[in-house]
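Participant: Give the three-dimensional model of this entry:
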Amino acid sequence: MEIFIGLGWDEDATTARKHYRRYYMKELEKVKEVLPNESPFNQYDLKRGAARGAKNPTTKIVGRFKAVI
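Facilitator: Just a heads-up that it's a prediction; the model follows:
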């Protein structure tokens, strides 16, 4: 299975390789080739449920917000 799609241009007249798009199976901040250092993103868990006022907290993590702030 090919995971590269040729875009049809060479980087310059001397190289014989075309520029390709890449598909990564992991998140880009976990790929050392893309980001060699640790992830630059701040991460915050998104929760659903009640934490205050309830006898038993019913919070559940339903996602993660990532951003550079």
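Participant: Where does the prediction get shaky in this structure?
Facilitator: 1-13, 15-22 (pLDDT under 70).
Participant: Now with 80, please.
Facilitator: The chain contains residues with pLDDT under 80 at 1-23, 38-39, 53-54, 69.
Participant: what about G53, neighbour count?
Facilitator: Residues lying near G53 (other Cβ atoms under 10 Å) number 6. For every residue, glycine as well, the C-beta is placed using N, CA and C.
Participant: Make 59 the first number, not 1, from now on.
Facilitator: In the new count, where the first residue is 59, that last one comes out as G111.
Participant: and it, what element?
Facilitator: Following DSSP states H and E, one finds G111 outside all helices and strands.
Participant: Need the phi and psi values for it.
Facilitator: Dihedral pair for G111: phi 90, psi -10, per degrees, to the nearest 10.
Participant: for D103, same thing?
Facilitator: The phi and psi torsions at D103 (degrees, to the nearest 10) take the values phi -70, psi 140.
Participant: residue contacts, the closest residue to it other than its chain neighbours?
Facilitator: Nearest residue to D103, sequence neighbours excluded (Cβ to Cβ, 6 or more residues apart in numbering): I119, at 4.8 Å. The neighbours of I119, taking Cβ atoms under 8 Å, 6 or more residues apart in numbering as the test, are D103, L104, K105.
Participant: Now do the contacts for the first one.
Facilitator: Read that as D103. Taking Cβ under 8 Å, 6+ apart, we find D103 in contact with I119, G121, R122, F123.
Participant: For the second one, grab the count of nearby residues.
Facilitator: The one in question is G121. With neighbours defined by other Cβ under 10 Å, the count for G121 comes to 9.
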